[in-house]
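1. sharing a sequence plus its predicted fold:
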Amino acid sequence: MKRRRMLQLALLAVPLALLALGPVTDLWAAQDYYSAAVSAPKIPAGKKIRVVVFIPNGPDPYFQSKWYGYEDEAKRLGVTFQLFDAGGYAFLSKQIQQFEDVVQTKPDAVILNAVSSTGMVPAYRKAVAAKIPVVVDNIPLRTGVAVQIMKSDYEIGMLNGAGLVDAIGGKGKVAMLPGPPGADAAKWRYNGAVDYIHRFKGVQIALTKWSASDPAEGLKNMEDILQAHPDLKGVYCFGGLIQQGIVQALKARGKKPGEVAVSCQDIAKHQEQAMREGYVQALVPNTPVNMARDAMRLAVMMALGQKVPDMTWNRTVIVTPKNVDSYDFGGNNPPEGWKAKLR
């Protein structure tokens, strides 16, 4: 009996060990092996469907990519598409008003990228009460939700922390520019990065500066940091807009490429260029165009009354100068020449 029990425990340990290791290939592979998580729905001839999308910060390159994905997938499927932009993470009341106004028009489905995981809960519940299908996209809500499509912001932050620690050789001062203080995605990413960095005793976080996701904020804050900490070895940042300001500050200060390592999220075209110039050492993208396509497909399927999964994941990877040439950029950016049509 004792031997049998030991064998049972040994067999149980194998899947637990694999679970602890996590999806290593998905997290660290040089290429993002993405395949559509949601099949394209078949819409009956003559059936008209209107899907309305809400995003928090339209100028952000990440949401520009999602905007294109929603718009193009709606065109492919032959459904009517509308999009409303809150204009920044500080404008919760604007997104609430936009959302509640749209609910009154009875759309066939809604896709919600929330400004706030708590602040948008009452508006979400109004849509549910009105029997309007809602796909919660990108930012989870702090309430029970029927259908979600998500990336893990904590995982993204940990990967950024890993890229930064590796780039500075596990030693030195780093600064944290984690983005908008009211944005849950920014907080979760920051938590992931800090948790990783704190495991390396040779790395010290010199300061943390929260700010709007804006190039001017990134430029000003980075200039101040370089003045106060001339021995800075690296910086963590939220998204491409802040990274744009950081790189400008490094160039203006006369810093050589790589002298201060930069680890950031997303992989807009200007971010890729900064990496190829040597100013950025780690980027952590998911595939926002593909994620938006899947969200649109889920919304249309719900509008048709079809069964959909309650959770769809969009995974991410880490890109560095060593593997950028092998990374599959498909699903990340709009095509050249595409412009968002402001509403």
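-> Looks like it arrived, so ask away.

2. could you count how many residues lie near the residue nearest to residue 172 when sequence neighbours are not counted?
-> Of all residues not flanking residue 172 in the chain, residue 233 sits nearest, at 3.1 Å (C-beta to C-beta, 6 or more residues apart in numbering). Heads up, the C-betas are built off the backbone N, CA and C, glycines and all. Number of residues near residue 233 (other C-beta atoms under 10 Å) recorded here: 20.

3. kindly report the same for residue 200.
-> A count of nearby residues for residue 200, using other C-beta under 10 Å, gives 16.

4. go ahead and confirm it touches residue 165.
-> Yes - contact criterion C-beta atoms under 8 Å: residue 200 and residue 165 qualify, at 5.4 Å.

5. ok now stretch 60-73, how far from the chain's centre?
-> Offset of stretch 60-73 from its chain centre (C-alpha atoms, centre = their mean, to the nearest Å): 12 Å.

6. wait, residue 110 touches residue 50, no?
-> No - contact criterion C-beta under 8 Å: residue 110 and residue 50 do not qualify, at 9.8 Å.

7. which of those two has more neighbours?
-> A count of neighbours by other C-beta under 10 Å puts residue 110 above the other of residue 110 and residue 50, at 25 against 17.

8. elements contacting the helix or strand where the more buried one lies?
-> Under the criterion of DSSP states H and E, residue 110 resides in strand 109-112. With contacts taken as 3 or more C-beta pairs under 8 Å, 6 or more residues apart in numbering; DSSP states H and E, strand 109-112 sits against strand 50-55, helix 92-104, strand 134-137, helix 288-303.

9. out of those, the one nearest residue 118 is which?
-> Closest approach to residue 118 among the helices and strands packed on strand 109-112 is made by helix 92-104 (9.4 Å; C-beta to C-beta).

10. report the angle between that closest one and strand 50-55.
-> Calculated by axes from the mean of the first three to the mean of the last three C-alpha atoms, to 10 degrees, helix 92-104 forms an angle of 170 degrees with strand 50-55.

11. what's near enough to touch the nearest residue to residue 255 once chain neighbours are set aside?
-> Distances taken as C-beta to C-beta, 6+ apart place residue 226 nearest to residue 255, at 7.7 Å, with adjacent residues excluded. Neighbour list for residue 226: 232, 249, 250, 253, 255, 260 [criterion: C-beta atoms under 8 Å, 6 or more residues apart in numbering].

12. can you turn the buried part of these into a PyMOL selection?
-> Only the buried entries of those go into this PyMOL selection, using 16 or more other C-beta atoms under 10 Å:
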select buried, resi 232+249+250+260
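
13. need the nearest residue in space to residue 50, chain neighbours excluded.
-> Leaving aside its sequence neighbours, residue 50 sits nearest to residue 80 (C-beta to C-beta, 6+ apart; 4.2 Å).

14. oh, I was asking about residue 69
-> In space, and not counting its chain neighbours, residue 69 is closest to residue 292: 2.8 Å by C-beta to C-beta, 6+ apart.

15. quick one: contacts for residue 281?
-> 163, 164, 167, 234, 258, 261, 262, 263, 275, 320, 321.

16. including distance to residue 337, pLDDT and neighbour count, could those residues go into TSV?
-> As requested, the contacts of residue 281 are exported to TSV (distance: C-beta to C-beta, whole Å; pLDDT from 0 to 100; neighbours: other C-beta atoms under 10 Å):
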residue	distance to residue 337	pLDDT	neighbour count
163	31	98	26
164	34	98	28
167	34	98	22
234	35	98	24
258	32	97	16
261	33	98	23
262	28	98	28
263	30	98	28
275	23	98	23
320	29	98	17
321	28	97	17
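
17. show me those that map onto helices.
-> Counted as lying in helices by DSSP state H, out of the contacts of residue 281, are 163, 164, 167, 275.

18. from residue 262, how far out is the third one?
-> If I follow you right, that is residue 167. Distance of residue 167 to residue 262, given as C-beta to C-beta, to the nearest Å: 8 Å.

19. overlap in contacts, the two.
-> 234, 281, 282.

20. I'd like the next helix or strand past the strand holding residue 110.
-> Sequence order places helix 121-129 as the next helix or strand after strand 109-112, per DSSP H and E.

21. next one: that next one to chain centre, how far?
-> Offset of helix 121-129 from its chain centre (C-alpha atoms, centre = their mean): 24 Å.

22. what do you get for stretch 118-130?
-> How far stretch 118-130 lies from its chain's middle: 23 Å, per C-alpha atoms, centre = their mean.

23. dump the helices and strands packed on strand 109-112 to CSV, plus mean pLDDT and distance to residue 192.
-> Output for the helices and strands packed on strand 109-112, formatted as CSV (pLDDT from 0 to 100; distance: least, C-beta to C-beta, whole Å):
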stretch, mean pLDDT, distance to residue 192
strand 50-55, 98, 23
helix 92-104, 98, 24
strand 134-137, 98, 20
helix 288-303, 97, 19
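
24. okay if I get these as CSV plus distance to residue 239?
-> Output for the helices and strands packed on strand 109-112, formatted as CSV (distance: least, C-beta to C-beta, whole Å):
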stretch, distance to residue 239
strand 50-55, 14
helix 92-104, 18
strand 134-137, 17
helix 288-303, 11
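
25. any idea how this structure splits into domains?
-> What automatic domain parsing lists as the domains of the chain is 50-151+287-316, 153-284.

26. now the helices: where do they sit in this protein?
-> 2-21, 24-28, 61-77, 92-104, 121-129, 153-167, 184-197, 215-228, 239-252, 269-277, 288-303.

27. sounds good, over and out.
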